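Q: attaching a predicted model along with its sequence, questions to come.
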Amino acid sequence: MNIKIDSNDQAEGYQYTFDIFHPQLKEKSNFKVEAGIKNGEKPFPSDISQDSFPAKQFTDTNAHIHTGEYQYTFDIFHPQLKEESNFKVENRIKNGEKPFPSDISQDSFPAKQFTDTNNHIHTGEHIYSCSVCQKTFKQKGSLDRQTRTHTGEKPFSLAHFLCSFAQKSTLTTDKLLHTGERKYSCSVCQKTSAQKGTVKKHMRTHTGEKPFSCDVCQTSFAQKSALNTHKLLHTGERKYSCSVCQKTFIQKGSLYYHMRTHYRYSCSICQKTFTQRGSLHYHMRTHSEEKQFSCDICQKAFSKKCALNEHKLLHSGEHRYSCSICQKTFIQRGSLQYHLKTHTGERKFSCSVCQKTFIMKGNLNCHMRTHTGEKPFSCDICQKAFSRKCDLNRHTLTHTGEKRFSCDICQKSFAVKYNLNKHKLIHTGEHKYSCSVCQKTFTQKSNLNSHLRIHTGEKAF
């Protein structure tokens with residue numbers, strides 16, 4: 001350790017310079033404390049604990065921590081502070097005093113430790129290292145938070161609730177959940193939040209800002225968490241493992257969804273299984289015929305609210321879903337998803353009896369009934385049974401006589417929209433169905449099927 005007195009320092013009122021931490025100290029007592037910390041000297045034992053300290057004031061602070069005694073009260077925020085230095089800092093924050101200027105930036109701060117932290121941020125220096133995982137940090141507070149992830153310590157608790165937290169910021173957020181206070185709002189859409197950071201992230205949905213960029217492929221993201229997840233795709237790291245089958249995943253969310261395949265919820269009536277309890281709950285309504293969501297236009301009822309919302313689009317005629325390949329638009333998301341597979345040619349669902357393949361699993365399930373002869377859907381009026389629900393719905397219209405779909409050219413009406421679409425081809429003259437053998441074209445698929453029998457020699461009946 002070197003002790004040196006500089007004439008310039010004396011002119012500034014600083015007599016002692018400590019060469020390890022480089023602070024300039026105006027008082028000799030402060031210099032002795034800094035030297036004691038460096039040399040590991042702890043001549044002041046605590047009267048309460050087994051600890052010793054390099055200065056008497058540290059011993060006093062330790063005593064207050066063990067006894068729970070609070071000596072200083074701050075009248076604005078009302079915290080009771082165990083150390084006089086904390087009380088002074090709180091007062092400066094309240095009064096807006098910032099007597100400690102930064103040597104690097106143009107900022108000033110209410111306490112010396114804030115200035116030091118600011119300097120580390122600008123220099124990028126990581127002076128604090130975790131003794132467990134060797135991760136380094138610019139700020140001591142960040143190191144303390146990292147240490148708690150190893151120890152499991154949760155020193156921050158919420159009065160009247162059995163909640164404790166490792167980070168003080170989490171405690172503050174939890175308090176707002178109990179009070180319901182949402183003091184931060186979006187200036188564009190007025191959406192409110194309990195946290196300022198949440199609103200800041202939300203604003204990026206309006207501005208389109210993506211400040212986090214991948215240094216490998218330059219893909220940008222609005223959230224840092226999304227960037228971190230994306231980086232795993234480049235490293236190939238799969239750190240999330242299933243405790244049941246040991247399958248590994250890059251993302252925690254993927255593991256979460258995978259775990260549902262091991263723990264299924266089963267319907268007590270038809271034994272159909274689901275990965276989510278909520279899905280089973282919705283399914284049970286199909287047995288009870290409970291349909292609590294009804295359309296205010298046509299009074300059709302649904303067991304799920306999402307199904308009602310999709311149905312309402314039929315009335316509005318809004319085609320909000322668009323194919324990115326051919327720009328064809330659809331009213332329902334499911335229709336778009338089905339359509340997209342026509343571009344890829346993917347037909348991953350195969351019949352175990354005749355090997356016919358299908359794009360959707362639901363189509364395979366319907367097809368299997370042609371082999372089993374199962375007809376689970378029956379008419380309430382005449383008891384005629386059908387293998388598909390859509391066939392039952394079309395049949396029901398024969399009893400009601402309802403023909404909702406009308407041609408805008410000749411005003412002919414139809415009970416089923418599919419029949420209206422076929423009828424319109426008569427007006428347009430479009431022959432979109434072509435024979436693969438002789439290239440003859442037809443306006444309707446049924447006519448094409450009848451024509452193909454000429455080539456195959458197949459007899460329809």
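A: Looks like it came in fine.

Q: I'd assumed Gly253 was in a helix, is it?
A: Yes. Checked against DSSP: H, G, I helix; E, B strand; the rest coil, Gly253 lies within a helix.

Q: quick one: pLDDT of it?
A: Looking at Gly253, its pLDDT reads 78.

Q: what of Cys435?
A: Predicted confidence (pLDDT) for Cys435: 90.

Q: what distance do you get for it to Ser243?
A: 57 Å (C-beta to C-beta, to the nearest Å). Heads up, the C-betas are built off the backbone N, CA and C, glycines and all.

Q: one more: Thr115?
A: Separation of Thr115 from Ser243 (C-beta to C-beta) stands at 48 Å.

Q: between the two, which has more neighbouring residues?
A: Between Thr115 and Ser243, Thr115 has the larger neighbour count (other C-beta atoms under 10 Å), namely 20 against 8.

Q: what about that one, helix or strand, and which?
A: Assigned by DSSP states H and E, Thr115 belongs to helix 112-123.

Q: other residues contacting the helix or strand that comes right after that helix?
A: Moving toward the C-terminus from helix 112-123, the next helix or strand (DSSP H and E) is strand 128-129. Strand 128-129 has contacts (C-beta atoms under 8 Å, 6 or more residues apart in numbering) with Lys135, Thr136, Phe137, Lys138, Gln139, Lys140, Ser142, Leu143.

Q: change it to 6 Å
A: Contacts to strand 128-129, defined as C-beta atoms under 6 Å, 6 or more residues apart in numbering, come from residues Thr136, Phe137, Lys140, Leu143.

Q: same question for stretch 342-351.
A: Residues from elsewhere that reach stretch 342-351 (C-beta under 6 Å, 6+ apart): Ile325, Thr357, Phe358, Ile359, Lys361, Leu364, His367.

Q: number of nearby residues for Ile359?
A: When neighbours are defined as other C-beta under 10 Å, Ile359 has 19 of them.

Q: now do the contacts for it.
A: By C-beta under 6 Å, 6+ apart, the neighbours of Ile359 are Lys341, Arg347.

Q: cool, Ser266 as well?
A: So Ser266 contacts Thr273 (C-beta under 6 Å, 6+ apart).

Q: which residues of the protein score low on pLDDT?
A: 1-38, 61-87, 120, 124, 155-180, 263, 288-290, 460-461 (pLDDT under 70).

Q: Gly373 versus Ala226, what's the distance?
A: Distance, Ala226 to Gly373, by C-beta to C-beta: 50 Å.

Q: okay, these two: which has more neighbours?
A: A direct count of neighbours by other C-beta under 10 Å for Ala226 and Gly373 places Ala226 higher, at 14 against 7.

Q: which SSE is the more buried one in?
A: Judged by DSSP H and E, Ala226 forms part of helix 224-235.

Q: just checking, what packs against that helix?
A: The contact analysis (3 or more C-beta pairs under 6 Å, 6 or more residues apart in numbering; DSSP states H and E) places helix 224-235 against no helix or strand.

Q: measure how buried Phe44 is and give me the count.
A: As a burial measure, Phe44 scores 17 neighbours (other C-beta under 10 Å).

Q: OK, contacts around it?
A: Contacts for Phe44 (C-beta under 6 Å, 6+ apart) come out as Phe53, Lys56, Thr59.

Q: give me the neighbour count for the second one.
A: Residues contacting Lys56 under the criterion other C-beta under 10 Å number 12.

Q: separation between the nearest residue to it once chain neighbours are set aside and Gln50?
A: In space, not counting the residues next to it along the chain, Lys56 is nearest to Phe44; the distance is 5.3 Å by C-beta to C-beta, 6 or more residues apart in numbering. For Phe44, the distance to Gln50 (C-beta to C-beta) stands at 13 Å.

Q: and Gln246, by the same measure?
A: 46 Å.

Q: so what touches the helix holding Thr115?
A: With contacts defined as C-beta under 6 Å, 6+ apart, helix 112-123 is touched by Phe100, Ser102, Ile104, Ser105, Phe109, Lys138, Gln139.

Q: filter these to the buried ones?
A: Neighbour counting over the contacts of helix 112-123 (16 or more other C-beta atoms under 10 Å) leaves Phe100, Ser102, Phe109, Lys138, Gln139 as the buried ones.

Q: among these, name the ones in strands.
A: Secondary structure from DSSP state E places Phe100, Phe109 of the buried ones among the contacts of helix 112-123 in strands.

Q: out of the buried ones among the contacts of helix 112-123, which two sit at the greatest distance?
A: Based on C-beta to C-beta, the longest span within the buried ones among the contacts of helix 112-123 runs between Phe100 and Lys138 and measures 17.8 Å.

Q: buried residues in stretch 53-60?
A: Phe53, Pro54, Ala55, Phe58, Thr59, Asp60.

Q: run through the bridge partners of the first one.
A: Taking DSSP bridges, one obtains Phe44 as the residues bridged to Phe53.

Q: isn't it up against Asp47?
A: No. Contact criterion C-beta atoms under 6 Å: Phe53 and Asp47 do not qualify, at 11.5 Å.

Q: and after the helix holding Ala226, which helix or strand comes next?
A: Per DSSP H and E, helix 224-235 leads on to strand 240-241 as the next helix or strand towards the C-terminus.
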